[in-house]
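> Return a 3D structure for these sequence lines:
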Amino acid sequence: KLGWLVDYLGPIKQFRSIGRFAWITYFLINISFIYFFYQLIFKQKYEQIYKNILRISFAVLLFLIPTYEAYTRLNLKRYPTLPIEEFSTEKEAAKEWMEHVNLDDYQAILPLPFYHIGSENFSYDQKGYQLRRNVMASIQAKLPLVATFMSRTSLEQTFKSIEWMFEPYGDFRYLNDLPNEKALLLWVEKEYPPEGLQTKWIEQAEGPLFDHKDYTLYKLDFQNIKQYFVDYQKNIVRDFNVNKDSLYILSENTFANKSLTDYLIENYENDSNPYGIISTQTSFNDSKALSINSDNNVLYQGQLPNQSPQNYTVSYWIKVDQDRMGHFQLIVEEVNMENDIAFYWAENSLWEAVKCIEDDWMLVEQSFTLNFAKSEFRVLVNPRKVKTSWSVDALQIRPEGVDIYQETEKFIIKNNRWYEKNIN
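Sure, this is the predicted structure:
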């Protein structure tokens, strides 16, 4: 009920929840206590005998209090811990995988499915016993984990880390932080196997090197990682150039794999757009962006040309440069315009809707169902407790399953992903 206070605590909010505020309280009480006794013993006009009694009492307290604290801590009830199987001398089979791998060839372990635990903005959990096996293997082999299990990772570190989970886009910044170009040991779980794009990393790897009932190991070469990231983007540009003549022309430099008119591309280039003010920050595509906040959070409201009851996909780029933005609610509402009541909505958290990342810009996508051909809908963002403004750019709405392409001087844009024509 007092959560709203966090917005007004400034730097003090770092002391919430886990008792860090007790550090300040502890030191203030002790300093005040010492000052009080000093004044009492040396400054007040007492008889010498009373001063001596106070001095002795103070000295005894300084000895007894830490002694009592240490005694009670030593006699705390300790709960028995179970032996860790992987460290038991009778369970050497748990280390069997190390006999099939030359550890000197690797610089880290890359677990799949990938997980990132500890960020207050973007958290993707592990499943089953994966984390336990990964941590034990890391300790045994003295190889760090690429996946994250720690506390309060910064936004920049988080963005670099979670790129392993999403579409290859732009530069793979994580590789720049690695100390060398040794391979990664790909650790693939069987109980909860990776899905979607994460399976592509297995296709780039050599192996299997070792096949266990719970996991399989592969060798993922450093250069293969870099090449896959580039080739993924090159192939999209190449496929557009090869198939351009077979695509339907929607407008000048805009194409689709299906003839349609019920789509929207809004880049917020017009200063008088009805959705808000133009951001003073650099936009995603080096032009203009929309600056919105909790009081002005609608990205689009209206109808699509010739819209029909069906599923649509809405996507846009959002600049994630503030704490707690990962928990923004992305909302699409279908609105009864007679009384302005939303009778259908789709809702996702921002961290659930991320498709790809470039620096601190994220492409988010969500699907929604339009129930009536003549109704209007609006796209908005609920920032929850974030009070400051943020930037949004390049909104696109298209029928689900349709690919829309745009061609500019520098980019081939597929479904709102901007791929450089001359990517290297």
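
> Check whether Asp105 really touches Leu184, as I assumed.
No. Here Asp105 does not reach Leu184: they are 10.1 Å apart, not a contact under Cβ atoms under 8 Å. Every C-beta, even on glycine, is put in place using the N, C-alpha and C of the backbone.

> what's the overlap in contacts for these two?
Residues touching both Asp105 and Leu184 by Cβ atoms under 8 Å, 6 or more residues apart in numbering: Lys219.

> Neighbour count: those two, which is higher?
Leu184 (22 against 11; other Cβ atoms under 10 Å).

> can you dump the C-alpha coordinates of whatever helix or strand that one lives in into CSV?
Under the criterion of DSSP states H and E, Leu184 resides in strand 183-189. Coordinates of the C-alpha atoms in strand 183-189 are reproduced here as CSV (Å, rounded to 0.1, in the frame of the first residue of the first chain):
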residue,chain,number,x,y,z
ALA,A,183,34.8,-21.0,-28.8
LEU,A,184,31.8,-21.3,-26.4
LEU,A,185,30.7,-24.6,-25.0
LEU,A,186,27.0,-24.9,-25.9
TRP,A,187,25.1,-26.6,-23.2
VAL,A,188,21.6,-27.6,-24.4
GLU,A,189,19.0,-28.9,-22.0
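
> what's that strand packed up against?
In terms of contacts (3 or more Cβ pairs under 8 Å, 6 or more residues apart in numbering; DSSP states H and E), strand 183-189 is packed against strand 106-112, helix 130-141, helix 199-203, strand 215-220, helix 222-243.

> And the helix or strand that the second one is followed by, what does it pack against?
It stands for helix 130-141. The helix or strand immediately downstream of helix 130-141 is strand 148-149, counting by DSSP H and E. Other helices and strands packing on strand 148-149, by 3+ Cβ pairs under 8 Å, 6+ apart, are strand 116-117.

> can you map out the helices along the protein?
Assigned by DSSP state H, the helices in the chain fall at 21-38, 48-74, 130-141, 155-162, 199-203, 222-243, 350-353.

> Quick one: closest of those helices to Glu99.
Nearest to Glu99 among those is helix 130-141 (11.6 Å), distances taken as Cβ to Cβ.

> Now do the closest one against strand 183-189, angle only.
Going by axes from the mean of the first three to the mean of the last three Cα atoms, to 10 degrees, helix 130-141 is angled at 140 degrees with respect to strand 183-189.

> Which elements pack onto helix 130-141?
Helices and strands touching helix 130-141, by 3+ Cβ pairs under 8 Å, 6+ apart, are strand 106-112, strand 183-189.

> try 10 Å
strand 106-112, strand 148-149, strand 183-189, strand 215-220 (3 or more Cβ pairs under 10 Å, 6 or more residues apart in numbering; DSSP states H and E).

> List the strands paired with the shortest one, with their directions.
What that stands for is strand 148-149. Note on strand 148-149: by DSSP bridges, its sheet partners are strand 116-117 (parallel).

> which residue is nearest the middle of the chain?
Phe122 (2.8 Å; Cα atoms, centre = their mean).

> ok, now which ones touch it?
Each residue near Phe122 by Cβ atoms under 10 Å, 6 or more residues apart in numbering is listed here: 116, 153, 155, 158-159, 161-162, 165, 320, 325-327, 349-352, 354, 362.

> State the distance from the residue lying closest to Asp321 once chain neighbours are set aside to Thr313.
Leaving aside its chain neighbours, Asp321 sits nearest to Asp360 (4.9 Å; criterion: Cβ to Cβ, 6 or more residues apart in numbering). Separation of Asp360 from Thr313 (Cβ to Cβ, to the nearest Å): 23 Å.

> okay, the two: which has more neighbours?
Applying other Cβ under 10 Å to Asp360 and Thr313 shows that Thr313 carries more neighbours, namely 19 against 15.

> For the more buried one, which non-adjacent residue is spatially closest?
Glu400 is the one closest to Thr313 (Cβ to Cβ, 6+ apart), at 5.1 Å.

> Kindly report the same for Pro113.
Pro194 (4.5 Å).

> Can you tell me how far the one you found is from Leu64?
59 Å.

> try Gln322
From Gln322 to Leu64 the distance is 49 Å (Cβ to Cβ).

> These two: who's more crowded?
A count of neighbours by other Cβ under 10 Å puts Gln322 above the other of Gln322 and Leu64, at 16 against 10.

> The more buried one contacts Leu350, correct?
No. Gln322 is beyond contact range of Leu350, at 11.6 Å (criterion: Cβ atoms under 10 Å).

> the bottom helix or strand of this structure by mean pLDDT?
Here the helix or strand of the chain ranked lowest by mean pLDDT, DSSP states H and E is strand 277-278, holding a mean of 66.

> what about stretch 407-424, start to end distance?
End-to-end span of stretch 407-424 (Cα to Cα, to the nearest Å): 19 Å.

> roughly how far is it from the heart of the chain?
25 Å (Cα atoms, centre = their mean, to the nearest Å).

> quick thing: my sequence starts at 735, can you match it?
Sure, I'll start counting at 735 from here, so that last one is stretch 1141-1158.

> follow-up on the earlier one: Arg789 is nearest to which of the helices and strands packed on strand 917-923?
helix 864-875 (52.5 Å).
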